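Undergrad: Model the structure of this input:
(chains A, B, C, D, E and F)
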Number of protein chains: 6
Amino acid sequence: MTDTPKIVRPRRELVAAIRAIGAATASATLTHLGIRCAAMAGPVAWTRGSVVAGPALTLQFMPKREDLYGDGEYRDVEKQLHRHVLYHVEPGDMVVVDARGDMRSGVFGEMMMTYFKGRSGAGMVIDGCLRDWPNIAKLGVPLWIRGVTPNFHTQTDLMPFAVNGPIACGGVTVIPGDIVVADDDGAVVVPAGLAEACIAKAQKDHEWEDFSREMLAGGGDLRRYYPLSDAARPEYEAWKAKRAGRNPAR
Amino acid sequence: MTDTPKIVRPRRELVAAIRAIGAATASATLTHLGIRCAAMAGPVAWTRGSVVAGPALTLQFMPKREDLYGDGEYRDVEKQLHRHVLYHVEPGDMVVVDARGDMRSGVFGEMMMTYFKGRSGAGMVIDGCLRDWPNIAKLGVPLWIRGVTPNFHTQTDLMPFAVNGPIACGGVTVIPGDIVVADDDGAVVVPAGLAEACIAKAQKDHEWEDFSREMLAGGGDLRRYYPLSDAARPEYEAWKAKRAGRNPAR
Amino acid sequence: MTDTPKIVRPRRELVAAIRAIGAATASATLTHLGIRCAAMAGPVAWTRGSVVAGPALTLQFMPKREDLYGDGEYRDVEKQLHRHVLYHVEPGDMVVVDARGDMRSGVFGEMMMTYFKGRSGAGMVIDGCLRDWPNIAKLGVPLWIRGVTPNFHTQTDLMPFAVNGPIACGGVTVIPGDIVVADDDGAVVVPAGLAEACIAKAQKDHEWEDFSREMLAGGGDLRRYYPLSDAARPEYEAWKAKRAGRNPAR
Amino acid sequence: MTDTPKIVRPRRELVAAIRAIGAATASATLTHLGIRCAAMAGPVAWTRGSVVAGPALTLQFMPKREDLYGDGEYRDVEKQLHRHVLYHVEPGDMVVVDARGDMRSGVFGEMMMTYFKGRSGAGMVIDGCLRDWPNIAKLGVPLWIRGVTPNFHTQTDLMPFAVNGPIACGGVTVIPGDIVVADDDGAVVVPAGLAEACIAKAQKDHEWEDFSREMLAGGGDLRRYYPLSDAARPEYEAWKAKRAGRNPAR
Amino acid sequence: MTDTPKIVRPRRELVAAIRAIGAATASATLTHLGIRCAAMAGPVAWTRGSVVAGPALTLQFMPKREDLYGDGEYRDVEKQLHRHVLYHVEPGDMVVVDARGDMRSGVFGEMMMTYFKGRSGAGMVIDGCLRDWPNIAKLGVPLWIRGVTPNFHTQTDLMPFAVNGPIACGGVTVIPGDIVVADDDGAVVVPAGLAEACIAKAQKDHEWEDFSREMLAGGGDLRRYYPLSDAARPEYEAWKAKRAGRNPAR
Amino acid sequence: MTDTPKIVRPRRELVAAIRAIGAATASATLTHLGIRCAAMAGPVAWTRGSVVAGPALTLQFMPKREDLYGDGEYRDVEKQLHRHVLYHVEPGDMVVVDARGDMRSGVFGEMMMTYFKGRSGAGMVIDGCLRDWPNIAKLGVPLWIRGVTPNFHTQTDLMPFAVNGPIACGGVTVIPGDIVVADDDGAVVVPAGLAEACIAKAQKDHEWEDFSREMLAGGGDLRRYYPLSDAARPEYEAWKAKRAGRNPAR
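TA: Numbering: from 1, shown residues only, chains lettered A, B, ... in the order given. Here you go, the predicted structure:
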C-alpha cells in the first residue's frame, strides 16, 4: 500500500490572519523579514476574485521514466500518486503542485476536483495545467494555474512522484505545512516559522490610508498625501473627526 | 489564377460524434489508440464556452521572403493566399492556421472574419494572432488563438504560403480533412482515419459517473466512488433505482 | 531634489484623431509611412473594451545595482523615481513603462494608481506588471500590461532609473511626447512627427465598408464585396440610396 | 516506392561566385536587393574554418503523428524519408534540414553522413541536431547545426515528412535549388533568381580596403580611412604605387 | 551533523559494458526497451573527446529561501550540502546535479573540483554551471554542463537542498545508483535495473558495419550497403575474407 | 556634428588590481560588499584564455524606428553612432554594448574591429553578435559575445542609439567608467566607486590555498584541507617550511 506523510498544520488563527493580509502585503512583509521573493511566478489567478489561505499539501511531478511509471498505475488506481495528495485534504487546505510548468499535462480532472471540493479544500496552486475545464469551471474552486489542456496527467512527459515532500512551485520552495495565501495578485508562500512575525509586522496600522486614498482620488498631491506628510496631518485629523461624527457607532 | 486543393470531408455524423465527446476525451482516447499527443499547445480558447468540431481547412505561413511575396499581392488581391482558404469554407468547417506562433502578425481582420461567419464556418484555430479584435469580438465566432495584435498578416515577418496542405499547428501535424474538436480545454486533432475507432472507444458508458460525482461532491471517499468500487455498487444500484422512480419518463 | 524633464505634448486634436483611428489602423498606416512595426508586443489589454490615446510620459527600469539604489529611497521617498513620472501627469496623458518584461516586479500599487486616476491620466502601458490588482481593478484605469504580481517594484531585480527619456517598450522605441494609442488589439506608438501624415493617410474613406460587411455577413462572396468589385458597385449604389431614404436626416 | 522530386541546380559558376563572396557580404548585398534577412539564425558553424556554397536539397520534419509514421519505416527502410534526401546528393550540394529546432532528435548518424561524404556533398545546415558526433567529427564534413544528441531522428517528437519541398530553416524560407553559402558567420540563403544580381552588386571593388585595414591596424583614424576619405586618397595612391613596385608580378 | 544516504553501485563490469556502448547506442537501445528518452538535454560536452560511465551520485538545488539557507552555512562549512555529495565519491563515480538550468550559479569551484579529481571521480553532469573555469580547465575532469559563470553556488537564486535523492537533470529523472554514460553526443541515464538488458540488446553485432562504412565513404550506394542488402552480401564476404588474409592474427 | 560624452577613467593601478583578481573573485567579493550579481549572463568568452580589465565605454542599441534611423546614416557615415564609441577608445579601454541580446545584428565588422585593435582597446563585451568572424578571428581581440551573424548592425531590428550613457548588458547595469573584468568565466562589472573596497577585501591572502590544492589533488580529505582545518595546520606549516627550503629565493 502506498503511504504518504502527513503534514503539520499551523494554528487556524494564523492562517486566518495571513488571509486577511493578502498576497501583496505578505510578499512585501516577508521581504522585510529577509525572504527576497516568496511570490510564485507562473501560476496566475484563474478564478478571479478569490482570496484564500491554507496550509500546503504538496504534490511533485518528475519527468516520466517508463520503468518507474508503468502499467500498474492503471491496473491498480491506488498506485496513482496524484490521488494520494487528495486523501490528505482537510477543510481549508491548499494543494500545491510542482508540475514543472508543463503545458501538456492536466494534473487533475473533473472527478478529482469534485472530490477536492467535497473535502472542502480551500484552493489549488499548480505550476502547470488542469484538464476538463468546461466541467471544473462549474465547481467554483479557487485556482492559480498556468492554463488548461485536454491531456491527462501522465499522457506525455510527466509522472506524479512524491506527496507532501518539499517542492519548487513557480520558482519558490514550498515546505509542506507552509501557509499559502493567494488572491488576484497571485500566490505567496509564508513559511510556517515566519507566519507570526509576518502578521505582527504587517499589522502596523496605516490608519491614514483611507484618508490619503480619498484625497488622491480627488486629485490631491502624492507628495502631500502618500505617505501622509506632516503638512497634511491637521487636514487628516479634521477628516477623521468629521467621519467619526458621521459614523458614531464605528 | 490561384488554384488551391479541395479537402475530403468526413461524414457529418462522425463530426457530430466527435463534438459530443469533447476535447479532453478525444485526446485521452487517441492516446489509447497510439497517438501520444493530439492536443495543440499554444492556441487557447479565446471565446469561452464554445464547443465545436469540424473538418480542417489549413493555411500555412512561412517566413517572409520579399522575392516570393511582392507588391503583386496588393495590386491583385486574389494573389493573397489567406483569402483562398476562406473560399473553401462550407458550413461547419474549421480553419486551422500555422502562423508560426508569431505575436506580431494578425492573420485575419474583421472583414475576413465576417465573411467566414457568413459562410457558417464552425471556428478557427490559429497558432498565432488575429487583428481587429474590438470588431471581431462582436461576431461571436469560436476561436482558439495565441492572442491579438494591431498588425496585419504580412506586416512584419510572415507571408501566407499554402492552402490545404499538411501543417503543424501548436506542435501537432494536421492533415486537411482531419476533424478538429475544440472547447475550453483547447483544440485536438482527430485523424480522419481514426475517427470511428476514437468514437467507439470513447463511448464505453461510465454510467456510474453521475452517481460518483454526486457522492464526491458530498464529501464521499475517492477510493470508494472513483472509479466505482465493488463495495459501493449496491449503493449505486439503489441510487439508480431511486432516480429512475423519480424520473420515470427518462 | 530630483528633477525630471517635461515633455512636449502634441496638439489635442491630433491626439483625438489618432484615438478615432484606433490601434490596428494606426499600425497599418504607419507601415505605409515606413515604420515597419509600431505595435508593442508583450503588454496586452488588461481592462477590456477601452480605447485611449495620449502623449507618452516614460519611466525606465534598469537591473538593480545596490550601490545605485540604496536605502535612501526608503528614508526619502522623493528619491523613488517611479513617483516622479506621476508628478508629470496631466489629463489625458499616457504613462509608458519599460519594466524589462519582468514578471516579479509590480511597478505601481493601489495608492500610486489612485493618484494617477485623480490626475485624470488616460491609461498606462507597462512592459511588466502591476501590484495590488484586487484594489486597482476597482479604479477602472485602462491598462496594457503583462500581468500582476504581489511583489513591489524594487523587491527583486529592478530599480527605476529615468523619467521622460527614450525607452523601449514591447520591442518599440518610445520618445516622450509620442502619441500612444491603445485598444483591445494592443498599444501602438505614433511618432509625434508622423501623427498628421498618419491621420491624413488613414482617413481616406472606405465608405463602402459598411455595405460590404453587411453582404459578407449574409454569405456574400469575398471576391465580390471585399474590396468592393466593379461588378458590385451598382448594387452598392442601390443599397446606399435605399439607406439614405431610410435615414434622410443622416 | 517512395519518389521525391529532383531540384534544378544553378550554374556552377554562380555557385562559385557566391562562395567567393562569403556569408556576410551575401547577406548585406541581398538586403540592398530587398531581402531583409537571408541569414539563418539558430544553426551555427560547428566545424570552424569552412566556407562552402551549393544548391539546396531540402528535408522537412514535422511533429510525429503515430498514424502517419508507423512501424513500416523499420520494416522497410526505404520508407524512411531522411534517406531519400541523400539519394539526390551530387558533388557540391548542400543538404538543408528543417528539424524544427528540436534538441532531442539526431537527424543523421555516422553511416548516413559517411554516405553524404562519399557522394561529395558540400555541407549541411540543420535547424536541429546530429547524432554520433564522436564518429561524425572524424569525417570533416562542413556543418551548421544547433547541436548534437544521442537520440535518433524519430526517437522523440519528430518524423521526416518531405524531401525537396520549400522549408523554413533558422527563420528563413528555403526553396530547393536556392544557393546556400555558409562560413563561420553562419549560413545565408541566396535565392536562385537573385544570384546574378547579388554577385554583380557585391563585386563592386573596394580596392582601397587593404590599404585602410593596414592603416587602421596601425592606429590610423577611422574617419580618415574607413570609408576612405578624400583627404587620404593621395596617401592611398602612394601606398598603391609603392606596393605595385614591390610586387611587380601581381 | 549532516548525514546523507549512500548509494548502491552497480557491478563494475556493467558500468564498463555501458561505457563501451556509448551514449548514442545506449539511448537508442533504451528506447527499444521502452524508455522514450534517456538523454539529458541542456548539459553539453564541455571537455571534448571524453567517454565516461559511472554510477550516479546526485545533488539537488532548490530555489533559495533565506529562512532555510542562512548564515550558518558560512559559519559551519559542513552545513554546505554541495560538499557532502563529494564526500561520497569513489573512483569511477559520476556526480549529477540538478542546478535547475540556472546560468548565474557556479555549482563547484576549483578547490571542490580538485578534491573530486583527487578522489578519482569519473566526471560530472550539471544542469547548470561551474565557476573558476580558468583553473578547472587545467584539471581535465570530463564535464557535461550548460556553461560557466563567475558567481558562486548560492550567490543569486539557488541553494543546495539534497544529496543522493532522485533528481531531474536535463529533463530526465535520475535515481542515485543509475549508470550515467556520457560522450560528445551528451549524457544518458541507464536505469540500474535495465543495464543488463540494455547491454545484451546493444551488443548484437553488426559485423558488416565496417565494410559498409568503407563502401559508403567510397561513394557506394546507401540502398546497397546500409543496412547491408542481400545483393551486397557476397561482396561483403569477399571483403571479409580478404581482410582476414591481411590481418591473420586478428 | 555628433558629439558624445567622454568618460572618467579610474586610476590605472585600480584597473590592474581588478584584473589580477579575476572575474570569479571580483563577483564573489562584490556580493560581500552588497552587490548581489555583478556578473553578466549572456555574453560568453568567445576567445578562450584571455583575462582583461578596463574602464567601460558604452554603446546602446534600441529597437529600430525608421523615422529615427534613416538614410542619412548611409549618406553621412559620421551619423552612425556605433563608430563614435570607437573614437573614444584609449589603450586598455573596454567597449561594452547593449545589443538587446539580438542574434541577427552584427554590431561591428572587420574594419571597425581592426580600428579598435589599432587603438589598443583591451576587449569587448557585447550582449549580441559580431559580424565578419572569419576575419575578426585573426585579430586576436579578447571578446565576450553571444555569437556571430552575417548581418550588419542595422540590417534587421536594431539601431545604435547612445554612446557613453548607462546601459544594461547581460542583466547588469553598467555606468560608463566602471571597471569591467573578464576571463573565461565571463564578464563582471566592478562599480568605479567600489573598486578600492573590492580590491582590499579580495586580497586577504589565503596563503594556505596552494597547500590545500596539492593535498586535495592527492586525494586528501576536503574536511581537513578546505578550508584549512586546525588539525591540518601543523602539516601545512611543515609543508611551507620545506617549500621555503626548496625555493630560498622566492
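
Undergrad: burial count for A:His206?
TA: 12 (other C-beta atoms under 10 Å in any protein chain shown). C-beta here means a position set from N, CA and C on the backbone, and glycine is covered the same way.

Undergrad: How about A:Arg146?
TA: 19.

Undergrad: Repeat that for A:Asp93.
TA: The number of residues packed near A:Asp93 is 25, by other C-beta under 10 Å.

Undergrad: A:Val163 now?
TA: 23.

Undergrad: got the contact list for it?
TA: Applying C-beta atoms under 8 Å, 6 or more residues apart in numbering or on different chains to A:Val163 gives the contacts A:4-5, A:57-60, A:81, A:84-85, A:88.

Undergrad: Report the beta-bridge partner residues of it.
TA: A:Leu59 (DSSP bridges).

Undergrad: measure A:Thr31 to A:Pro191 for me?
TA: Noted for A:Thr31: a distance of 13 Å to A:Pro191, by C-beta to C-beta, to the nearest Å.

Undergrad: Find residues that contact each of those two.
TA: With C-beta under 8 Å, 6+ apart, A:Thr31 and A:Pro191 have common neighbours A:Ala38.

Undergrad: Looking at these two, which is more packed in?
TA: Neighbours per residue, other C-beta under 10 Å: of A:Thr31 and A:Pro191, the larger number sits with A:Pro191, 22 against 19.

Undergrad: Was I right to think that one contacts A:Pro176?
TA: No - checked against C-beta atoms under 8 Å, the pair A:Pro191 and A:Pro176 is beyond contact range at 11.6 Å.

Undergrad: Identify the residues contacting the helix or strand harbouring A:Val96?
TA: Per DSSP states H and E: A:Val96 is located in strand A:94-98. Here strand A:94-98 makes contact (C-beta under 8 Å, 6+ apart) with A:52-61, A:85-86, A:89, A:107, A:116, A:121-128, A:167-169, A:174, A:180, A:182.

Undergrad: Return the subset of the residues you listed lying in helices.
TA: Taking DSSP state H, the ones among the contacts of strand A:94-98 that sit in helices are A:85-86, A:116.

Undergrad: Most neighbours of all those, which one?
TA: Within the ones in helices among the contacts of strand A:94-98, neighbour counts (other C-beta under 10 Å) peak at A:Val85, which reaches 27 neighbours.

Undergrad: Tell me if I'm right that it and A:Leu59 touch.
TA: Yes - assessed by C-beta under 8 Å, A:Val85 is found in contact with A:Leu59 at 4.2 Å.

Undergrad: Next one: A:Asp67 from E:Leu194, what distance?
TA: Separation of A:Asp67 from E:Leu194 (C-beta to C-beta) stands at 6 Å.

Undergrad: Identify the contacts common to these two.
TA: Counting by C-beta under 8 Å, 6+ apart, the residues touching both A:Asp67 and E:Leu194 are E:Ile35.

Undergrad: So which of those two has more stuff around it?
TA: More neighbours surround E:Leu194 than the other of A:Asp67 and E:Leu194, with 23 against 16 (other C-beta under 10 Å).

Undergrad: Contact partners for the more buried one?
TA: A:67, E:30, E:33, E:35.

Undergrad: Spatially nearest residue to A:Phe50 (excluding sequence neighbours)?
TA: One correction, residue A:50 is Ser, not Phe. In this structure, A:Ser50 finds its nearest non-sequential neighbour in A:Pro142, 3.6 Å apart by C-beta to C-beta, 6 or more residues apart in numbering or on different chains.

Undergrad: Could you check how far the one you found is from C:Pro142?
TA: Distance from A:Pro142 to C:Pro142, by C-beta to C-beta: 27 Å.

Undergrad: wait, is A:Gly220 part of a helix?
TA: No - the assignment for A:Gly220, made by DSSP: H, G, I helix; E, B strand; the rest coil, is coil rather than a helix.

Undergrad: Can you tell me, leaving aside adjacent residues, what's nearest to the residue nearest the centre of chain A?
TA: Nearest to the mean C-alpha position of chain A, by C-alpha atoms, centre = their mean, lies A:Ala182 at 3.4 Å. In this structure, A:Ala182 finds its nearest non-sequential neighbour in A:Trp144, 5.2 Å apart by C-beta to C-beta, 6+ apart.

Undergrad: Torsion angles phi and psi at the one you found?
TA: Dihedral pair for A:Trp144: phi -120, psi 110, per degrees, to the nearest 10.

Undergrad: give me the beta-bridge partners of it?
TA: For A:Trp144, the beta-bridge partners are A:Ala45, A:Val125 (DSSP bridges).

Undergrad: Now do the contacts for it.
TA: Applying C-beta under 8 Å, 6+ apart to A:Trp144 gives the contacts A:40, A:43-46, A:123-126, A:182, A:186-187.

Undergrad: Run through chain A and note the low-pLDDT ranges.
TA: Applying pLDDT under 70 to chain A flags residues A:1, A:71-72, A:74, A:205, A:247-250.

Undergrad: for chain C, what are the nearby residues on it?
TA: A:22-24, A:26-28, A:31, A:36-37, A:39, A:41, A:44, A:51, A:183-186, A:188, A:209, A:212-213, A:216-220, A:222-223, A:226-227 (C-beta under 8 Å from any C-beta of the partner chain).

Undergrad: cutoff 7 Å now
TA: Selection of chain A residues close to chain C by C-beta under 7 Å from any C-beta of the partner chain yields A:23-24, A:26-28, A:31, A:36-37, A:39, A:41, A:44, A:183-186, A:188, A:212-213, A:216-220, A:222, A:226-227.

Undergrad: quick one: A:Met94 from A:Pro176, how far?
TA: From A:Met94 over to A:Pro176 (counting by C-beta to C-beta), the distance is 11 Å.

Undergrad: how near is A:Ala231 to C:Gly118?
TA: Applying C-beta to C-beta to A:Ala231 and C:Gly118 gives a distance of 18 Å.

Undergrad: helices or strands up against the biggest helix by length in chain A?
TA: Taking DSSP H as the assignment, the helix of chain A that covers the most residues is helix A:233-246. Packed against helix A:233-246, as judged by 3 or more C-beta pairs under 7 Å, 6 or more residues apart in numbering or on different chains; DSSP states H and E, are the following elements: helix A:209-217.

Undergrad: hey, C-alpha coordinates of the very next helix or strand once past the helix it packs on in PDB?
TA: Per DSSP H and E, the first helix or strand lying C-terminal to helix A:209-217 is helix A:222-225. Output of helix A:222-225 as PDB, limited to C-alpha atoms (Å, rounded to 0.1, in the frame of the first residue of the first chain):
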ATOM      1  CA  LEU A 222       1.100  62.500  -3.900                       C
ATOM      2  CA  ARG A 223       3.800  64.300  -2.100                       C
ATOM      3  CA  ARG A 224       1.300  65.600   0.400                       C
ATOM      4  CA  TYR A 225      -0.800  62.500   1.000                       C
END
